[in-house]
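Predicted coordinates and the sequence they were generated for:
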Amino acid sequence: MPRITLRKGDITESGTDAIVNAANSALWMGAGVAGAIKRAGGQEIEDEALRQGPIRAGEAVVTGAGRVKARYVIHAAVMGTDLVTDADKIRRATRSSLLCAEELGLKSIAFPALGTGVGGFSYSRAAEIMIETVQEHLAGGTALEEVLFVLWGDEAYKAFEEQLGVGDGSAQELSEVRIAH
């Protein structure tokens with residue numbers, strides 16, 4: 001049975017098959033998660049992404065991971081070049097990322113809190129949308145064994161923890177929920 005795992009820290013250190021980049025539709029990698037991935041993995045990640053763009057908000061493309069501890073980076077366009085996001089874009093970008101992972105036959109994928117950095121979306125609402133989308137995907141049958149949310153900072157982590165109902169016995173039975181600190 002697939003599991004959902006929460007972890008605080010740096011997504012570039014997740015050790016999953018793929019990590020998700022909270023991208024813009026032009027696929028240039030500037031600040032936030034994208035900047036961290038580019039710094040850790042190298043310019044070649046952005047160069048490969050740019051050759052596949054632009055894409056529409058809600059879509060995703062795959063590149064190699066450079067020096068990052070993953071095989072792939074899935075660039076999920078959670079906003080346009082205006083750097084504005086909304087619930088629908090976050091939902092579609094999450095779903096597109098999961099579909100990319102399935103097409104590649106991956107066992108594990110790591111997500112940041114999409115749209116919450118540069119996009120300015122609330123952590124609690126992003127957590128609600130992303131977890132619901134992941135749970136729907138996992139319920140439909142999947143090759144994925146683990147969906148990891150790697151969250152930078154206490155506020156993001158707490159929002160995802162609360163959404164999963166961790167610690168109060170209300171976590172949904174669909175997926176095992178593990179907490180890694």
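Alright, I've got the coordinates. Predicted model, so just to flag it, every value in this text is computed and none were measured.

other SSEs contacting the strand or helix carrying Glu46?
When secondary structure is defined using DSSP states H and E, the element that contains Glu46 is helix 43-50. Secondary-structure packing of helix 43-50 (3 or more C-beta pairs under 8 Å, 6 or more residues apart in numbering; DSSP states H and E): helix 32-41, strand 60-64, strand 72-79. (Each C-beta comes from the backbone N, C-alpha and C, glycine too.)

Kindly calculate the angle that the last one makes with helix 43-50.
Pointing back at strand 72-79 there. Orientation check (axes from the mean of the first three to the mean of the last three C-alpha atoms, to 10 degrees): strand 72-79 against helix 43-50 gives 60 degrees.

likewise the first one?
Between the axes of helix 32-41 and helix 43-50, defined by the same axes, to 10 degrees, the angle is 130 degrees.

Please name every helix or strand in contact with helix 32-41.
Counting contacts by 3+ C-beta pairs under 8 Å, 6+ apart, helix 32-41 packs against strand 18-24, helix 43-50.

Ok, the last one next?
Packed against strand 72-79, as judged by 3+ C-beta pairs under 8 Å, 6+ apart, are the following elements: strand 18-24, helix 43-50, strand 60-64, helix 87-104.

Looking at the helices and strands packed on helix 32-41, spot the one closest to Val150.
Checking the helices and strands packed on helix 32-41 against Val150 by C-beta to C-beta gives strand 18-24 as the closest, at 7.8 Å.
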